[in-house]
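Asker: kindly return the folded structure for what I paste below:
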Amino acid sequence: MQYLQDPGNPFAIDSEGVPGILSEMGFAWTKMVSGASAKNLYCCKRDFVAGKQGGRMIVGMKRGLLVLTLCAGLMSLLLVPPFSSSQEKPAPLNEKEPVIERLQPRSPAQALKTFSLRDGFGMDLIASEPLLRDPVCITYDASGAMYVVEMTAYPHPDRADEMALGQVRFLLDDDGDGDYDSSFLFADKLSTPTSVTCWQGGVFVTAPPDLWYLKDTTGDHRADLRRKVITGFGITNAEQLANNLKWGIDNKLYGAASHSGGDITVPQGQPGTGLNLQGGDFCFDPRTRILERVSRGDSRWGNSFNDSYDRFVCQNTGPARHVVLPYAILSRSDFLPSLPAYQSLALEGGTEPVYRASPPEPWRVVRADRR
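Answerer: Below you'll find the model as predicted:
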């Protein structure tokens, strides 16, 4: 079977002698050439199911029968009335739509002016492109050097192995003026890294499904020591990956497991040290390599402590939640009533109004008009 395709057009087209069939549905028609038979009319539209899977839809007309075939093997038969050759021809499909204007990115100096701060707070620009890109988390070591996690492969955590594009950069303030001047590629080929924190001259980095310990032992600002500390974090959703490593007052490392969960284990730990993260966050003692479950508070992307080491988390509809009840209390009896482990500190919920500070992008306006 051969399809005659107009180069540069997403449809397969050969409209010679073909009346305007189903033009109101936007279909373009072509001849099917298969041996001596070339009387059937076929329409071929690419990327019907999913572009990455090479989806294809084929529509055929013969004796009033419309056949819809998907390359995945799905077939359905629909009866349609015969068409008349007197119908008007469809409008040419090669007419270009109006070009959608793209909003130009702001310069770092312009972006700084868009922030509104409460009294008593200030904000300075200390690093920008090309020193870093796609930053999602930063931390500082004892000397003031900055580690930056770059999540370049977002939003494809399910393709972590083939798209290990995440990086950690190491930034230095060379002249001591508070602005960072030089940048080094500390570690690369990480799958969707989300957070970083320092420990014993190196850093822990969450890059689901793994948590790594990275360290420069030669002084060239690149991690030559790379050890997998924990593995098994869930990767089902790019917005719900393990994140926000923070040190607790007990010298344990706390993290938000988010809704992707997972069954995590310590490769170099003792047998039986695994942990199921369904419904809970985690903490980890890097010395004993013991994992523990902690109350989650329905956190998705947030995990922090105040000066009294009260723990706070957040999610997209809950901007601030205080995790009050420890998991050890909630889990000590199977007959204990199910209670929320957190107290909300702000109004939350899907019905609460949220206002954007910038105008909608033109492509969003066009998409809304087409719905």
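Asker: contacts and neighbour counts: CA atoms only from here.
Answerer: OK.
Asker: on the strand side of things, show who residue 294 bridges to.
Answerer: residue 281 (DSSP bridges).
Asker: element containing residue 365?
Answerer: helix 362-370 (DSSP states H and E).
Asker: okay, helices next: where are they in the stretch 101-250 of the chain?
Answerer: Assigned by DSSP state H, counting those that start in this stretch, the helices in the stretch 101-250 of the chain fall at 108-112.
Asker: list the contacts of the helix holding residue 365.
Answerer: If you take C-alpha atoms under 8 Å, 6 or more residues apart in numbering as the criterion, helix 362-370 is touched by 100-103.
Asker: same thing with stretch 329-345?
Answerer: Residues from elsewhere that reach stretch 329-345 (C-alpha under 8 Å, 6+ apart): 295-297, 318, 320-327.
Asker: residues contacting the closest residue in space to residue 189 that isn't next to it in sequence?
Answerer: Closest residue to residue 189 apart from its sequence neighbours, by C-alpha to C-alpha, 6 or more residues apart in numbering: residue 164 at 4.6 Å. With contact taken as C-alpha under 8 Å, 6+ apart, residue 164 is in contact with 153, 188-192.
Asker: for the stretch 251-371 of the chain, what are the low-confidence residue spans?
Answerer: When residues are selected by pLDDT under 70, those of the stretch 251-371 of the chain lie in 270-272, 336-339.
Asker: do the stretch 101-250 of the chain as well
Answerer: Looking at the stretch 101-250 of the chain by pLDDT under 70, you get 157-163.
Asker: ramachandran angles for residue 268?
Answerer: Per-residue torsions, residue 268: phi -100, psi 20 (degrees, to the nearest 10).
Asker: how about it: what's its closest non-neighbour residue?
Answerer: Excluding its sequence neighbours, the residue lying closest to residue 268 (C-alpha to C-alpha, 6+ apart) is residue 229, at 7.3 Å.
Asker: any idea how far that neighbour is from residue 273?
Answerer: Separation of residue 229 from residue 273 (C-alpha to C-alpha, to the nearest Å): 12 Å.
Asker: which neighbours do the two share?
Answerer: residue 266.
Asker: and the two? which has more neighbours close in?
Answerer: Ranked by neighbour count (other C-alpha atoms under 10 Å), residue 229 and residue 273 place residue 229 first, with 20 against 15.
Asker: can you pull the domain assignment for the chain?
Answerer: The chain breaks down into these domains under automatic domain parsing: 11-79, 131-351.
Asker: and the closest residue to residue 228 other than its chain neighbours, how many residues sit next to it?
Answerer: In space, and not counting its chain neighbours, residue 228 is closest to residue 212: 4.6 Å by C-alpha to C-alpha, 6+ apart. Residue 212: 21 surrounding residues under other C-alpha under 10 Å.
Asker: so how far is residue 257 from the residue nearest to residue 128 when sequence neighbours are not counted?
Answerer: Once flanking residues are discounted, residue 128 sits nearest to residue 108: 6.8 Å by C-alpha to C-alpha, 6+ apart. Relative to residue 257, residue 108 is positioned 32 Å away (C-alpha to C-alpha).
Asker: which one's more surrounded, those two?
Answerer: With neighbours defined as other C-alpha under 10 Å, residue 108 and residue 257 compare such that residue 257 has more, 32 against 12.
Asker: how near is that one to residue 194?
Answerer: Relative to residue 194, residue 257 is positioned 11 Å away (C-alpha to C-alpha).
Asker: any shared contact partners between these two?
Answerer: Common contacts of residue 257 and residue 194 (C-alpha under 8 Å, 6+ apart): 241-243.
Asker: now those: which count as buried?
Answerer: 241-243 (16 or more other C-alpha atoms under 10 Å).
Asker: possible to save the residues you listed as TSV with distance to residue 121?
Answerer: Converted to TSV, those look like this (distance: C-alpha to C-alpha, whole Å):
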residue	distance to residue 121
241	30
242	30
243	26
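Asker: now, which of those residues lie within strands?
Answerer: If you go by DSSP state E, these have residue 243 in strands.
Asker: from residue 153, how far out is residue 137?
Answerer: To residue 153, residue 137 is 15 Å away according to C-alpha to C-alpha.
Asker: try residue 329
Answerer: Going from residue 329 to residue 153 by C-alpha to C-alpha gives 39 Å.
Asker: what's around residue 124, how many residues?
Answerer: Neighbours around residue 124, by other C-alpha under 10 Å: 9.
Asker: residue boundaries of the strands in the stretch 251-371 of the chain?
Answerer: Assigned by DSSP state E, counting those that start in this stretch, the strands in the stretch 251-371 of the chain fall at 253-256, 262-265, 275-276, 281-285, 290-294, 304-305, 311-315, 318-323, 342-344.
Asker: now render these as TSV, adding mean neighbour count and distance to residue 143.
Answerer: Below are those laid out as TSV (neighbours: other C-alpha atoms under 10 Å; distance: least, C-alpha to C-alpha, whole Å):
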stretch	mean neighbour count	distance to residue 143
strand 253-256	25	21
strand 262-265	20	33
strand 275-276	17	35
strand 281-285	21	24
strand 290-294	20	29
strand 304-305	18	23
strand 311-315	21	27
strand 318-323	20	31
strand 342-344	17	36
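Asker: out of the ones you listed, which gets nearest to residue 128?
Answerer: Residue 128 lies closest to strand 304-305 among those, at 25.0 Å (C-alpha to C-alpha).
Asker: neighbours of the residue nearest to residue 260 when sequence neighbours are not counted, how many?
Answerer: With C-alpha to C-alpha, 6+ apart as the criterion, residue 260 has its nearest non-adjacent residue at 4.7 Å, and that residue is residue 234. Residue 234 has 25 neighbouring residues, counting by other C-alpha under 10 Å.
Asker: thanks a lot, catch you later.
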